[in-house]
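Participant: Here is a sequence together with a model predicted from it:
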Amino acid sequence: MPIIEVKDLVKRYNGNEAVRGVSFEVSEGETFGFLGPNGAGKTTTINILCTLLGFDGGAARVNGFDCRKEPGRVRSSIGLVFQEITLDNELTAYENLKFHCYMYNMEKRLAEARIDEILSVVGLSDRGGDLVNKFSGGMKRRLEIARGLLHRPRVLFLDEPTLGLDPQTRSHVWEFIRRLKKTEGNTVFMTTHYMDEAEACDRIAIIDNGRIIACDRPEELKRAIKGDTIYIKTEDDEKALREIEEKLGLKPKATDAGLSLLVEGGEKFIPRLFERLSTGIISVNLKKPSVEDVFINLTGREIRDYGPSQRPRG
């Protein structure tokens, strides 16, 4: 039985559909990524699953509990890291985490051990006794993530969890999440627009304009991009372009950095370039399809193509 089940989910704001008939399932122990630009419906969907929002149509279940009829039971078995900071600035970092332990009825000795562990994971061991109002924005984000992981929930919801974090802290957070999943089999449901985080998921649902347009393992999604991209710089790119068209039957694109062409089996194709081209080759680079390529292929644009005025939350 899936640990998360969503069927024909609909959410409207002022008559406009933010979520348009979304359906998917998440298996227990899976890391499931919701990938899409701001305003696509990611945050709205995660808030519905965490019972923070109602919905207008369809059905949603988490841990076997109905999100509409059993919100309390859903909340007791999940953890959530919000986009926005929700810490108490007048408490210390340790007190914020200890209060969270109280809310989840954690045994005192276990709570203290886990607080120490998670403060170490997010690099705040030496700041546990400091008031949160003294923290920088990045430190507050790390503490938010620590709080969401603290009680080791059966399902952990992460809404853009590493937004604004430095690369080292992002790496530490994901190392802890992977270790947590390995030891306790947690399910992780995350929203993101970071491609590297999406690539690390077991499966990805790509959402755009409130609809899921693809859902599969990253490898399968990338397989739909039929070919590898080869970037080549030669001593005479104009001549190389003509020779590639005439001798290899391909139409490369001219770029500021040289030529690019899409081929199947890039590793096997590169030796043919050296055999057929008479002009000297300066450099050749091979790029395998990425999740970003999948998104561009499906939508015709990059995630970052959205300007500030096109970025509603969600």
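Facilitator: Done, it's in.
Participant: my guess is Leu53 meets Ile46, correct?
Facilitator: No - judged on Cβ atoms under 8 Å, Leu53 makes no contact with Ile46 at a distance of 9.2 Å. Placement of C-beta: from N, CA and C, glycine included.
Participant: out of these two, which sits in the more crowded spot?
Facilitator: Between Leu53 and Ile46, counted using other Cβ atoms under 10 Å, the more crowded position is Ile46 (23 against 16).
Participant: burial of Arg147, as a residue count?
Facilitator: Neighbourhood size, Arg147 [other Cβ under 10 Å]: 24.
Participant: if we can go back for a sec, residues shared between the contacts of Leu53 and Ile46?
Facilitator: Contact criterion Cβ atoms under 8 Å, 6 or more residues apart in numbering; residues shared by Leu53 and Ile46: none found.
Participant: Would you mark the buried spots in stretch 214-221?
Facilitator: By neighbour count on 16 or more other Cβ atoms under 10 Å, the buried set for stretch 214-221 is 214-215, 218, 221.
Participant: With stretch 54-65 instead?
Facilitator: 55, 58, 60-63, 65.
Participant: again with stretch 39-55
Facilitator: Going by neighbour count (16+ other Cβ under 10 Å), the buried part of stretch 39-55 is 39-51, 53, 55.
Participant: Helices of the stretch 151-300 of the chain, start to end?
Facilitator: 167-184, 195-199, 218-223, 237-248, 266-276, 291-299 (DSSP state H, counting those that start in this stretch).
Participant: averaging pLDDT over each of the ones you listed, which comes out lowest?
Facilitator: When those are ranked by mean pLDDT, helix 167-184 comes last with a mean of 76.
Participant: Neighbours of the closest residue in space to Lys253 that isn't next to it in sequence, how many?
Facilitator: Nearest residue to Lys253, sequence neighbours excluded (Cβ to Cβ, 6 or more residues apart in numbering): Ser260, at 5.0 Å. Ser260 has 15 neighbours, counted by other Cβ under 10 Å.
Participant: Need the pLDDT of Ser260.
Facilitator: 88.
Participant: now Arg301
Facilitator: 72.
Participant: Tell me the secondary structure at it.
Facilitator: coil (DSSP: H, G, I helix; E, B strand; the rest coil).
Participant: where's it relative to Val294, distance?
Facilitator: 13 Å (Cβ to Cβ, to the nearest Å).
Participant: What does the residue lying closest to Lys222 once chain neighbours are set aside show for phi and psi?
Facilitator: Once flanking residues are discounted, Lys222 sits nearest to Pro289: 4.2 Å by Cβ to Cβ, 6+ apart. The phi and psi values for Pro289, taken as degrees, to the nearest 10, are phi -60, psi 140.
Participant: Please name the residues that touch Pro289.
Facilitator: Per Cβ under 8 Å, 6+ apart, neighbours of Pro289: 222-223, 225, 227-229.
Participant: would TSV of the helices of the stretch 151-300 of the chain with distance to Val6 be doable?
Facilitator: Formatted as TSV, these follow (distance: least, Cβ to Cβ, whole Å):
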stretch	distance to Val6
helix 167-184	21
helix 195-199	19
helix 218-223	19
helix 237-248	47
helix 266-276	37
helix 291-299	20
